[in-house]
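Undergrad: Structure for the following, please:
(chains A and B)
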Number of protein chains: 2
Amino acid sequence: MEIGNFKRDFTRMFNPDSIAVVGASNSLGKWGFMIPMNIIGGGYRGELLMVNPNEDNVLGFPTFRTLSDIKRQVDLVVVTIPARKVEAVVEEAASIGAKNMLVVSSNFSEAGGEGTELERKLALTANEHEITIIGPNTMGIFSASSSLCALGTPVYPPTGRVGFISQSGNLGVQLLDWGKYRGVGFSRFIGCGNGANTGIAEYLEFLGEDHLTEIIVLYVEGMQEGRRLLEAAENITPRKPIIVLKGGTGEQGSKAAMSHSGAMAGSMELYHGMVEQAGMIPVETSEELIDLATAFSSLPLPRGDRVVVVTMGGGWGVVAADACDREGVNLAALPDDLVKELDTFLPEFWSRRNPVDLVGNLRRSDQLHAIDTIMKNDEIDLLIMMGTMLGKEFFWHNLVLAVLRPLYQLVLKNIPRLPGVVQALVRGFKKSVSERQVEQSREGSAGINLAEAWLWTDYSLVTHLNRLIAATGKPIISVAMTESQKEKSGRMEGSGILTTQTPERAVYAASKLSKYSAYVKRNGRRA
Amino acid sequence: MEIGNFKRDFTRMFNPDSIAVVGASNSLGKWGFMIPMNIIGGGYRGELLMVNPNEDNVLGFPTFRTLSDIKRQVDLVVVTIPARKVEAVVEEAASIGAKNMLVVSSNFSEAGGEGTELERKLALTANEHEITIIGPNTMGIFSASSSLCALGTPVYPPTGRVGFISQSGNLGVQLLDWGKYRGVGFSRFIGCGNGANTGIAEYLEFLGEDHLTEIIVLYVEGMQEGRRLLEAAENITPRKPIIVLKGGTGEQGSKAAMSHSGAMAGSMELYHGMVEQAGMIPVETSEELIDLATAFSSLPLPRGDRVVVVTMGGGWGVVAADACDREGVNLAALPDDLVKELDTFLPEFWSRRNPVDLVGNLRRSDQLHAIDTIMKNDEIDLLIMMGTMLGKEFFWHNLVLAVLRPLYQLVLKNIPRLPGVVQALVRGFKKSVSERQVEQSREGSAGINLAEAWLWTDYSLVTHLNRLIAATGKPIISVAMTESQKEKSGRMEGSGILTTQTPERAVYAASKLSKYSAYVKRNGRRA
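TA: Numbering: from 1, shown residues only, chains lettered A, B, ... in the order given. Model (predicted):
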């Protein structure tokens, strides 16, 4: 790594008016084919120029034989040709005034031997011309501001507030895809590759000042430029959280990292010291990385650490409380006024403590009323809601399952009973939508109340919760424990309400949100 | 808890020829409605008798006014009527010679006060008549051998080898549902409820001897009958793994447990001591519980702890190796003969070490050949395969995405280029299925090889892997990192190949499998 000491033009890199692809190809599956296809597919609106000496036409674009043949300034040069030919392209780029290159080609330092020397020379030449190289051996970049998907795989991340720097391309693009399904939007993605003349520290400085980026996610193996990285991170974390997954933390892991990126993992004490001092948020697993990216990008920061858990069943409340113990989250003592208010409408047998156990009360309006009441209380900062309270669509799905299977079984085996069952169902249905039933269900013993359940659609519930989050400025984390809930809860995830599959993961996110909130308070917002 | 000291007839309980439901109801959503509906829906083949003094007919079944009116022996009595009336039902059950009751009714000891006394009397009366009570306050039971879904919610678990005892009903049925989506099959489910006269120790003894049950999963809050539980577990674990999640492990958690099940959590040292001595497998989170239930029920036990990780990208290999460090899993040194064999067909640039990094080699036959070769090597016990290698269905999904979006964008913005792109695609496609391409791709630089990818369907891949597992008797754990892979990998999960979403979770499962294998070796198979 030969970091160039010159001012970089990341604005042009991530908002290019023109892109030249050196090595553009019509061969299915080659980088020179995949990357321009993905740039087109992502909806990039600038000029796309194809460079290939052997084809007249690539993907319908007339080609230039060489980069120099373009004969005017180009904002970004993408390179996919073999390693030993790349240095010459840098000279050509310089000749037309290009300042930014994305070098996808591999077989540089990651391959060792000659590759290492090729990379060193590449970096020195680029430094001489003050050209910023992302890569070599990168899976590419994404930039929301210009709909630029210069990526090796067809991911097309949704636009959002998360800037993601990754020292592994494969891991990076798969996390982009995973994040997409979790409702995470991205501002930028940078696959560092080998980091020939530009590394994590420079990218971090860029994202720190980038107005589109409000949350930063890092996957790092080596920690080059430690001092510069630390300073950049220290400067950023009071304004934007930095979530970091370190590869190569263990003995076997660091050997694998050596073999992968050639990164010297360095001492773990040093890493932990740096993370601590800079106020970064370290995670241990890829799942935690995505969970926190989702949490920080979809929720407001809590004002404090007073957490309430609302559960429909005691066991899940216990599991959530245990997770709070492990993660150092305090279950807030319920203020007296809150207990009194909840007493006015909850069934007699509710838990009266935190976790708030509604003990299978099936009235959606009660559940929502309880959540409203808790969220509006001044002494509560964050709410975890177990069992996503999806509306009638989910409810009917379950009801249909509960009714159709028995009917099917009767048809299979016992036709004579069928009319009786149907009659009973019709009677039960009528009773269940009657006014009296609505009253009875207050005692919590009258079963499901269809008249009441009917009032809520998925959409109305999600809207209600989103308004509540906006009105109170407090986060709600919802837990969809079963897969069938999870499938249906797509609507909630996409809507900006964080949904995790287990209480433990909700508590983990709550813990990191409130700890970061405390950190920001201590360190001020050095805007 | 007043454990009855009499011989129990769990065989009849879980294989009843006749079931009476006391409190059977036509009211939608009541327990007396839900449970018989689910029994019918589950396909129970025995006799179902409805007891209700106020209705002539419930769900098409003519009713008995009281349980005694049935006037003949019934194998299982399900009770859903209010708490204070349940003791009398025990007397009635005794009068007709019933030996097993499932008491769903709540407001017993979990409600405290009068409820506690009601439960004590209920237990004593049952003990006097040597009647086994599951509950009160239970969400019910499932039994695969008689397709019995006597559950409060319409879950219908698939049949399999996992017996599950849960002290929380809500948590229990949601884990059943989650397990179902992960491809876990169940032999029995027992929602303990308050455990009036029968508890976890008795259920454990039953599952220990139960031929249908090969893996036992426990959710416990209190540890009553510690000595008996320990002895039962010690006796079972050399033959069947017992996976246990303990609720109430922390300070806040144990308070919540007190309030939920009234369980005194007891000292954590005692718990850990018991788990250790009995050779049970403790988990910390609900996710780990499901992961291990899936792993142990779908895979053969590895013969040792020599693990190989195969990855398509270096970063994920690093993350997996780190997880191995955390979980105490040794990445096996690749034996020389294995490296030599892999060298004969893998591209030059493969990692030659563990994790085995195929560096984006897209030939499916190479991937499979590598996996075959590794699995068949005598010095390897378990394989983790990153990036599920789904067949052409998944592959085409991605290809279509890679091609259709660019075409769509061109139609939107730049029609004139469209014919050129299509022409290039057709040319590229032809080239990509040519013989020469198949050869070229050996050098790993020629992009995707459609001719070769075409050979594998999802089904053929899964069949191949399943045969490999069967032939070698060794487990394969597959990792589907992106959500789109995960969706498609349903086919793999259902097929008996364990699929986790992250490398970390795969390594966790691998660790527990190999540790349990070592435990079984040390403790013999005291069949």
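Undergrad: Stretch A:470-478 vs chain B: in contact?
TA: No: judged by C-beta under 8 Å from any C-beta of the partner chain, stretch A:470-478 and chain B are separated, with a smallest distance of 14.4 Å. Using the backbone N, CA and C atoms, a C-beta is placed for each residue, glycine as well.
Undergrad: How far does that stretch sit from its chain's centre?
TA: Relative to its chain's centre, stretch A:470-478 lies at 18 Å (C-alpha atoms, centre = their mean, to the nearest Å).
Undergrad: Now do the same for that stretch: mean pLDDT, whole number.
TA: Stretch A:470-478 carries an average pLDDT of 93.
Undergrad: What of stretch A:36-56?
TA: 93.
Undergrad: buried stuff in the helix or strand encompassing residue A:365?
TA: Using DSSP states H and E, residue A:365 maps to helix A:364-376. Within helix A:364-376, the residues that qualify as buried are A:364, A:366, A:367, A:368, A:369, A:370, A:371, A:373, A:374, A:375, counting by 16 or more other C-beta atoms under 10 Å in any protein chain shown.
Undergrad: Just the pLDDT at the residue nearest to the fourth one when sequence neighbours are not counted, thanks.
TA: The shortest distance from residue A:368 to any residue other than its chain neighbours is 6.5 Å, reached at residue A:464 (C-beta to C-beta, 6 or more residues apart in numbering or on different chains). You'll see residue A:464 listed with a pLDDT of 84.
Undergrad: Pull the contacting residues for the residue in chain A sticking out farthest from the centre.
TA: The centre of chain A is farthest from one residue, residue A:416, which by C-alpha atoms, centre = their mean lies 54.5 Å away. By C-beta atoms under 8 Å, 6 or more residues apart in numbering or on different chains, the residues touching residue A:416 are residue B:60.
Undergrad: Now it: phi and psi?
TA: Main-chain dihedrals, residue A:416, degrees, to the nearest 10: phi -50, psi -30.
Undergrad: Could you see whether chain B lies near the longest strand along chain A?
TA: Longest strand in chain A by number of residues (criterion: DSSP state E): strand A:159-166. Yes: applying C-beta under 8 Å from any C-beta, one finds strand A:159-166 in contact with chain B at residue A:166.
Undergrad: Please state the offset of that strand from the chain centre?
TA: From the chain centre to the centre of strand A:159-166 is a distance of 8 Å (C-alpha atoms, centre = their mean).
Undergrad: Could you do stretch A:41-57 as well?
TA: 31 Å.
Undergrad: one step back: partner strands of the helix or strand just after the helix holding residue A:365 and their direction?
TA: For helix A:364-376, the following helix or strand on the C-terminal side (DSSP H and E) is strand A:382-386. Applying DSSP bridges to the sheet, strand A:382-386 is found paired with strand A:307-311 (parallel), strand A:476-479 (parallel).
Undergrad: from the ones you listed, which stretch is densest packed?
TA: The highest mean neighbour count among the strands paired with strand A:382-386 belongs to strand A:307-311 (a mean of 27), with neighbours defined as mean count of other C-beta atoms under 10 Å in any protein chain shown.
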